[in-house]
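S.K.: no sequence for this one, just the structure:
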């Protein structure tokens, strides 16, 4: 039954209700959407550290701290660039209408692994691990931003016509 004012009918909100955003599938959709960025970053950083470990052995304490410092400082620097120095405010991780393919993180993990393989050929010790954290974080954040940008659904909005003389 439709409403007379042209507005959509209110949706049921009880657990298990059917419809977009409701029920198990809707909850799964919300969980996948919320997990996409952390999941992708985890894959990229884990892959990069696994490549480094297989080439150079397990990291020592100083090298682990260098990895942490590199990843953290790069994240903070890119956050400052993205927010223009303003405090980070909670925002949606992807624009409404972003296609699911924008969350496909294999290219970022592969790029991080490739950069890491190159780094293992020319660096070692804490410098290597610091650069692994730095480059993996930069590759992931810059790459996933490009993916979201490329896959965002652009909506063309028509301007209302001026009815005044």
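M.R.: Looks like it came in fine. On a predicted model such as this, the values are computed, not experimentally measured, just so you know. Numbering: from 1, shown residues only.

S.K.: quick one, helices of this protein?
M.R.: Counting by DSSP state H, residue ranges of the helices within the chain are 23-56, 61-83, 106-122, 125-151.

S.K.: ok, and which of those helices has the densest surroundings?
M.R.: Per residue and on average, the most neighbours among these fall to helix 125-151, with a mean of 20 (mean count of other CB atoms under 10 Å). All C-beta spots, glycine's among them, are computed from the backbone N, C-alpha and C.

S.K.: mean confidence for that one?
M.R.: Model confidence over helix 125-151, given as mean pLDDT, is 86.

S.K.: and what of stretch 74-83?
M.R.: Confidence over stretch 74-83, taken as the mean pLDDT, stands at 84.

S.K.: so residue 126 touches residue 63, yeah?
M.R.: Yes - Residue 126 is within contact range of residue 63, at 5.2 Å (criterion: CB atoms under 8 Å).

S.K.: And the nearest residue to residue 117 once chain neighbours are set aside, how far from residue 71?
M.R.: In this structure, residue 117 finds its nearest non-sequential neighbour in residue 51, 5.7 Å apart by CB to CB, 6 or more residues apart in numbering. According to CB to CB, to the nearest Å, residue 51 and residue 71 sit 15 Å apart.

S.K.: show me where pLDDT drops low in the protein?
M.R.: By pLDDT under 70, the low-scoring segments of the chain are 1-22, 86-105, 151-165.

S.K.: tell me the contacts of residue 59?
M.R.: Counting by CB atoms under 8 Å, 6 or more residues apart in numbering, residue 59 touches 49, 52-53, 67, 129.

S.K.: try it again with 7 Å
M.R.: The neighbourhood of residue 59, defined by CB atoms under 7 Å, 6 or more residues apart in numbering, consists of 53, 67, 129.

S.K.: Next one: it from residue 28, what distance?
M.R.: Note on residue 59: its distance to residue 28, by CB to CB, is 36 Å.

S.K.: again, but for residue 41
M.R.: Distance, residue 41 to residue 28, by CB to CB: 21 Å.
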